[in-house]
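Chemist: 3D, please:
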Amino acid sequence: MKSPALLLAAALAGTAQAAQEATLVSSIVAEILILFGAVFILAAALGMLRFPDFYTRLHASTKLVTLGGIGIFGGSAAIFSSVGATERVLLIAAFFFLTAPLSGYMVARAGYLAGLRPHSEETSVDEWQELGTMRAEAKEADAG
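Modeler: Numbers count the residues shown, from 1 in each chain. The predicted structure follows:
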C-alpha cells in the first residue's frame, strides 16, 4: 500500500503534466491565430501595392487589416494566462472590429465628395453620382 504522501506527489505530478499540455495546446492555437492574422495583413499590403485606385486600396487596407487584427488579437488572448488580460484584449479586438470598417467608409465618402473618382470599367455603376452632382452645384451656388 502506498503512503498518502506518495499518492499526493503522484497527483501533483499528473496535474503539472496536464498543465504543461494545456499550455502547449494554448501556445499552438495562439501561434496559428497570429499566423492567420499575419497572412491577412500581408494580403492587405499586396493589395495596397497592386490595386489601381484609392477606393480599392482603401478596401484592401480596411477589410483585410481588420481580419488580420482579429487573428492577432485572438492569438494574444489565447496566450495570456490572466483572465483580466484576456478580457481586455478581446474588448480591444471588438472595438477594432467595429471601428476600422466604419472609418474606412468615412474616408471613402470624404474622398468621393472631394472629387476622387473611382476606377471605371464598362460595368461600373456610380450610385453616388447624383449626390456628388448636388454637392458640386451647392458649392457653385455658395460661390456665386
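
Chemist: burial of I72, as a residue count?
Modeler: Residue neighbour count, defined by other CB atoms under 10 Å, stands at 22 for I72. Just so you know, the C-beta spots here come from the backbone N, C-alpha and C atoms, and that holds for glycine as well.

Chemist: nope, K139 is what I meant
Modeler: By the criterion of other CB under 10 Å, K139 has 10 neighbours.

Chemist: And for the one 4 residues further on?
Modeler: Applying other CB under 10 Å, we find 6 other residues in the vicinity of A143.

Chemist: now swap in E87 and tell me
Modeler: With other CB under 10 Å as criterion, E87 counts 12.

Chemist: which SSE is it in?
Modeler: Assigned by DSSP states H and E, E87 belongs to helix 83-113.

Chemist: Check which residues of that helix are buried.
Modeler: V89, A93, F96, A100, G104, A108, G111, Y112 (16 or more other CB atoms under 10 Å).

Chemist: now, the most widely separated pair of those residues?
Modeler: V89 and Y112 (34.9 Å; CB to CB).

Chemist: Distance of the residue positioned nearest the centre of the chain relative to H59?
Modeler: Nearest to the mean C-alpha position of the chain, counting by CA atoms, centre = their mean, stands T66 at 2.2 Å. According to CB to CB, to the nearest Å, T66 and H59 sit 11 Å apart.

Chemist: same check, this time on L67
Modeler: Counting by CB to CB, the gap from L67 to H59 is 12 Å.

Chemist: about what we covered before: from the buried residues of helix 83-113, pick the one nearest D53.
Modeler: G111 (9.8 Å).

Chemist: Can you tell me, leaving aside adjacent residues, what's nearest to that closest one?
Modeler: Sequence neighbours aside, F54 is the residue nearest to G111 in space, at 5.6 Å (criterion: CB to CB, 6 or more residues apart in numbering).

Chemist: Lovely, talk soon.
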